[in-house]
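> Test case, fold it:
(one chain, ligands or ions: 1)
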Amino acid sequence: MHELSIAESILDAVRAELLRYPGAKPLRVGLRIGVLAAVDIDSLSFCFESVVRGTDWDSLTLDAKSCPPTRRCLACLGDFESVEYNTLCPRCGDGNTISTGGDELDFDYLEVETDGASSTQVQSTE
Ligand SMILES: [Zn+2]
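Residues are numbered from 1 along each chain as shown. Okay, here's the model as predicted:
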């Protein structure tokens, strides 16, 4: 199942990130998912919960954000978010635009708890 393998790769990313914070407990992981990536966020959340349940990380929650497709206008070089698959540039009205995003699946941030008290939000370093 597609979403299950994504859930497992999120855990791999969390594991890698935690190497920088020995002893920290992961609380929440943020993910950016382009709407064109064809990922069902509900289904992904469900898979994620089922893979962390019963592990040391069962308090870890997933914060998946859906991102709209982005495009760049070749006439004015403006970047814009494509609303309802509209490909016209909102700035100059030109139709000569290319897709620049919307199918991404990016690790966004990881929130960890250190010393059992303070929590820190760390951004992805990629
Ligand atoms: Zn334009």
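
> which parts of the protein sit against the ion?
73, 75-76, 78, 89, 91-92, 94 (Cβ under 5 Å from the ion). Quick note: C-beta positions are derived from backbone N, CA and C, even for glycine.

> and if we set it to 8 Å?
73-78, 89-94, 97 (Cβ under 8 Å from the ion).

> Selecting buried members of the residues you listed in ChimeraX, what would you type?
ChimeraX command restricting the residues of the chain next to the ion to the buried ones, with burial defined by 16 or more other Cβ atoms under 10 Å:
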select :73,89,97
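
> Residue 15 in helix, strand or coil?
Residue 15 falls in the helix class when you classify it by DSSP: H, G, I helix; E, B strand; the rest coil.

> Mind listing residues that contact the helix or strand containing residue 64?
With secondary structure defined by DSSP states H and E, residue 64 is part of strand 61-67. With Cβ atoms under 8 Å, 6 or more residues apart in numbering as the contact definition, strand 61-67 has outside contacts at 7, 10, 27-35, 41, 44-45, 48-49, 101-102, 104, 108.

> Keep only those of those residues that are in strands.
Among those, the residues falling in strands (DSSP state E) are 27-34, 101, 108.

> Just grab the bridge partners of residue 81 for me.
The partner list for residue 81 in beta bridges (DSSP bridges) reads residue 70.

> Number of residues surrounding it?
When counting by other Cβ atoms under 10 Å, one arrives at 13 neighbours for residue 81.

> Surely it touches residue 87?
No: the criterion here is Cβ atoms under 8 Å, and residue 81 misses it with residue 87 at 11.7 Å.
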